[in-house]
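J.: Just to be clear, the model below is a prediction. Sequence and coordinates:
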Amino acid sequence: MKYVIKNGSVVFKDGVKKCDILVEDGRIARIAEDIQSDGDVLNAEGLHVFPGLIDMHVHLREPGFEGKEDIESGSKAAVAGGFTQVCCMPNTNPVNDNAVVTTYIKYRAEQVGLCKVHPIGSITKGEKGEELAEIGKMAAAGAVAISDDGRSVMDSKIMRLAMEYASGFNLRCLAHCEDENLADGGVVNEGLNSTITGLKGSIRAAEDIMIAREIALSESLGIPVHICHVSTYSGVELIRSAKARGVKVTAESCPHYFCLTDDVVTSFDTYTKVNPPIREERDRLAVIEGLKDGTLDCIVTDHAPHSKKDKQVEYSLAAFGISGIETSFALSYTKLVKECGFTLSQLARLMSAAPAAILGLDGGTVEEGGAADITIADLAAKYVIDGEKFISKGKNTPFNGREVYGKIAYTIVDGEIKYAAR
Ligand code: DOR
Ligand code: ZN
């Protein structure tokens, strides 16, 4: 296999440059201004060439919830969204709390053969928060991190043990931060809009207290921790000050936290229901500032596909989650680059280099010798989001009708074109 990606604007760490890329045997063999080829050419004139996007927080639902998504449909959706690598959360059925499930996920993903799928093992057995899962065995089977995502590990001693134990296998804990007692079944942000709608609110402090606890554990133990889907301005500030004094904390946020405010819940549209909840303008702006100054390391989707029957019920009963993998790139590009002045290199760091660095994955940059994991996008292409057209089984997006820029043209994994726009 040998071809040249010609005339694209390549997004490097430190800027954008028009270059050709020679792909040979799944790797980037050469990058230069003009590469002559006697073989195949992929014409990228007018397009931007990014390092393959990496989403370190998705839910693929298999095994157990294949009605919502499965590894095949999720992988197809991922490459359509420009993702070459995804890390899937363990809240499946059975939970990915042992090497058998970890091995199964990897096996299925390899059979499907689209994007690279890295399983995340659970922290505790059954995500029940009571006893540690088989962390070492899952690490040996290929888990790249551990998390009880969907829930917090409420017992601080168990979280301490998890961090200590996992660090021995070089795995990071990815912390879903929510004090369950304080959140007390809240379904939206606690504030004006929870009062107006009568929907039960969840106070920011429920998230912040757990962010502060994870920082305290990380700081005391000297072990890295990663904070999932940060949604509060106060959480961003906790992470900012922790980083300033050298705590090894990393963090992520999602497009719905920097594109939306909780005004959307007054529609009672259950597609706006997500955990943590969409918050207020102050929070949205703080998330953008955090992504800009590096307080928040990366963008993830928290792709949480649900079936219609999980969502077409009253708000308080609906499942939490947004199907986000097919809209993340366009929302991020449109909001952050076009509207907020981020550079394309910053966007590439947030969506590729940073997650690779946090989890120690290959990839994340376009460079000679690296794997040819490449995402090519047409940044001028404008379209209107329509969840019904998603490849994912989960059509649950609060972004229906929103106009965005940035269409994925090609997604290339190890040199093979896994997605090409029609
Ligand atoms: O909204 C959410 N949905 N947040 C989570 O933490 C879990 C996820 C899911 O699994 O549906
Ligand atoms: Zn979560």
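T.: Cool, the structure landed. Ligands and ions are numbered 1, 2, ... in the order given.

J.: Can you report how many residues neighbour the residue nearest to Gly363 when sequence neighbours are not counted?
T.: Nearest in space to Gly363, with sequence neighbours left out and distances taken as CB to CB, 6 or more residues apart in numbering, is Asp373 at 4.8 Å. The C-beta positions use only the backbone N, C-alpha and C, and glycine is treated the same way. Asp373: 32 surrounding residues under other CB atoms under 10 Å.

J.: Check the gap between Asp373 and ligand 1 for me.
T.: 26 Å (CB to the nearest ligand atom, to the nearest Å).

J.: Verify the stated contact: that residue with Asp414.
T.: Yes: counting by CB atoms under 8 Å, Asp414 is a contact partner of Asp373 at 6.7 Å.

J.: List the contacts of the residue nearest in space to the middle of the chain.
T.: Residue closest to the average C-alpha location in the chain (CA atoms, centre = their mean): Val300, at 2.1 Å. Under the criterion of CB atoms under 8 Å, 6 or more residues apart in numbering, the neighbours of Val300 are Asp55, Met56, His57, Val58, Cys228, His229, Glu252, Ser253, Cys254, Pro355.

J.: Any chance of the backbone angles for the fourth one?
T.: What it means is Val58. Note on Val58: its backbone torsions stand at phi -130, psi 160 [degrees, to the nearest 10].

J.: For it, give me its contacts.
T.: Gly74, Ala78, Val86, Cys87, Cys88, Met89, Val300, Thr301, Asp302, His303, Ile325.

J.: go with 7 Å
T.: Applying CB atoms under 7 Å, 6 or more residues apart in numbering, we find Val58 in contact with Gly74, Val86, Cys87, Cys88, Met89, Thr301, His303, Ile325.

J.: Excluding chain neighbours, what is closest to it?
T.: Val58's closest residue in space is His303 (CB to CB, 6+ apart), at 4.1 Å.

J.: count of neighbours near Ala216?
T.: 15.

J.: Am I right that it is in a helix?
T.: Yes: counting by DSSP: H, G, I helix; E, B strand; the rest coil, Ala216 is found in a helix.

J.: quick one: the helices in the protein?
T.: When assigned using DSSP state H, the helices of the chain occupy the ranges 71-80, 99-112, 135-141, 156-167, 180-183, 192-197, 204-221, 233-244, 255-259, 281-293, 308-311, 328-332, 344-348, 354-359.

J.: could these be laid out in JSON lines, adding distance to Val16 and mean pLDDT?
T.: Formatted as JSON lines, the helices of the chain follow (distance: least, CB to CB, whole Å; pLDDT from 0 to 100):
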{"stretch": "helix 71-80", "distance to Val16": "23", "mean pLDDT": "99"}
{"stretch": "helix 99-112", "distance to Val16": "32", "mean pLDDT": "98"}
{"stretch": "helix 135-141", "distance to Val16": "38", "mean pLDDT": "98"}
{"stretch": "helix 156-167", "distance to Val16": "37", "mean pLDDT": "98"}
{"stretch": "helix 180-183", "distance to Val16": "43", "mean pLDDT": "98"}
{"stretch": "helix 192-197", "distance to Val16": "40", "mean pLDDT": "98"}
{"stretch": "helix 204-221", "distance to Val16": "34", "mean pLDDT": "98"}
{"stretch": "helix 233-244", "distance to Val16": "28", "mean pLDDT": "99"}
{"stretch": "helix 255-259", "distance to Val16": "22", "mean pLDDT": "99"}
{"stretch": "helix 281-293", "distance to Val16": "18", "mean pLDDT": "99"}
{"stretch": "helix 308-311", "distance to Val16": "39", "mean pLDDT": "98"}
{"stretch": "helix 328-332", "distance to Val16": "16", "mean pLDDT": "99"}
{"stretch": "helix 344-348", "distance to Val16": "5", "mean pLDDT": "98"}
{"stretch": "helix 354-359", "distance to Val16": "18", "mean pLDDT": "98"}
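
J.: Any chance of JSON lines for these, columns distance to Ile21?
T.: Below are the helices of the chain laid out as JSON lines (distance: least, CB to CB, whole Å):
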{"stretch": "helix 71-80", "distance to Ile21": "19"}
{"stretch": "helix 99-112", "distance to Ile21": "26"}
{"stretch": "helix 135-141", "distance to Ile21": "34"}
{"stretch": "helix 156-167", "distance to Ile21": "37"}
{"stretch": "helix 180-183", "distance to Ile21": "47"}
{"stretch": "helix 192-197", "distance to Ile21": "48"}
{"stretch": "helix 204-221", "distance to Ile21": "39"}
{"stretch": "helix 233-244", "distance to Ile21": "34"}
{"stretch": "helix 255-259", "distance to Ile21": "28"}
{"stretch": "helix 281-293", "distance to Ile21": "28"}
{"stretch": "helix 308-311", "distance to Ile21": "42"}
{"stretch": "helix 328-332", "distance to Ile21": "19"}
{"stretch": "helix 344-348", "distance to Ile21": "15"}
{"stretch": "helix 354-359", "distance to Ile21": "18"}
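
J.: Cool, thanks, talk later.
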